[in-house]
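Engineer: when you get a sec, could you give me coordinates for this:
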Amino acid sequence: MTRAVIYSRVSSEGSRQDTERQTNELVEYANTMGYELVWVYEEKVSGFKKNNERPIFSRMLDDLKSQKIDKVLVWELSRIGRNVVQSLQNIQLLTDKKVSIYIKNFNLETLNEDKTPNGLSLFMVQILFSVASMESQLTLSRLQSGYRSLIDSQGSKAVGRKAGSIETEEETIQKHSDILKLLKRNLSIRQVAGLTKKSTNTVLKVRKSAIGLNLL
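Structural biologist: This is a model prediction of the structure:
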């Protein structure tokens, strides 16, 4: 039986985004194909981060070294890397391990059934990555331009949260949605801290906020 894992990511810049839709559709696909779903990796981090700044993605790569996995299922190309070069490097890394990447929104597989590289798919991936990279850079440029405009309009005033302000329970949950997901799976405080690479104090804070909002 084909053994697969899911990697879902949303940008930390959009706090209203959630990995649930990506994950649910990929789980449905895995079930339809009859795959053995080994693990689901979910992460909320900017797509501009490097591999070593994406702890869940890095852990998945480490896990692939010790587990027999045939496929990594992702929702779209931008989940794989921050730019064309890094994305292709990650694809090559998995190709060397004989692990195929399935990209759902384009229905592409990087490997054939015999574990050889799928030339046509890889050619399409390079083109699509180039387009996605240009769009990402344009988005980043717009964000930076907007930030500079805000600073210019406020002069010397600080940009961001006012000093001494208190984070609301809703803001805490939005900021640490990855912790909430694991708490809902009845994992221990230490387990959640270990999986998310966050302190136990942060996990406890999220747990308290979730209880206060009747989310647990």
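Engineer: pLDDT-wise, which helix or strand of this structure ranks last?
Structural biologist: helix 119-154 (a mean of 68; mean pLDDT, DSSP states H and E).
Engineer: and after it, which helix or strand comes next?
Structural biologist: As assigned by DSSP states H and E, the chain's next helix or strand after helix 119-154 is helix 169-175.
Engineer: so which bits of that following helix are buried?
Structural biologist: For helix 169-175, burial by neighbour count (16 or more other Cβ atoms under 10 Å) applies to E169, T172, I173, Q174, K175. C-betas here are computed from N, CA, C, even on glycine.
Engineer: burial measure for V40, as a count.
Structural biologist: 16 (other Cβ atoms under 10 Å).
Engineer: tell me which element the closest residue to H176 other than its chain neighbours falls in.
Structural biologist: Spatial nearest neighbour of H176, excluding adjacent residues (Cβ to Cβ, 6 or more residues apart in numbering): V206 at 4.6 Å. Using DSSP H and E, V206 sits in helix 200-212.
Engineer: quick one: buried residues of that helix?
Structural biologist: T202, V203, K205, V206, R207, S209, A210.
Engineer: pLDDT on it, on average?
Structural biologist: Mean pLDDT, helix 200-212: 87.
Engineer: what helices or strands is it leaning on?
Structural biologist: helix 169-175, helix 177-183, helix 189-196 (3 or more Cβ pairs under 8 Å, 6 or more residues apart in numbering; DSSP states H and E).
Engineer: which among the ones you listed is found nearest to F123?
Structural biologist: F123 sits nearest to helix 177-183 of all the helices and strands packed on helix 200-212, at 34.6 Å, using Cβ to Cβ.
Engineer: that older thread, surely the residue nearest to H176 and E171 touch.
Structural biologist: No: with contact defined as Cβ atoms under 8 Å, V206 does not reach E171; the gap is 11.0 Å.
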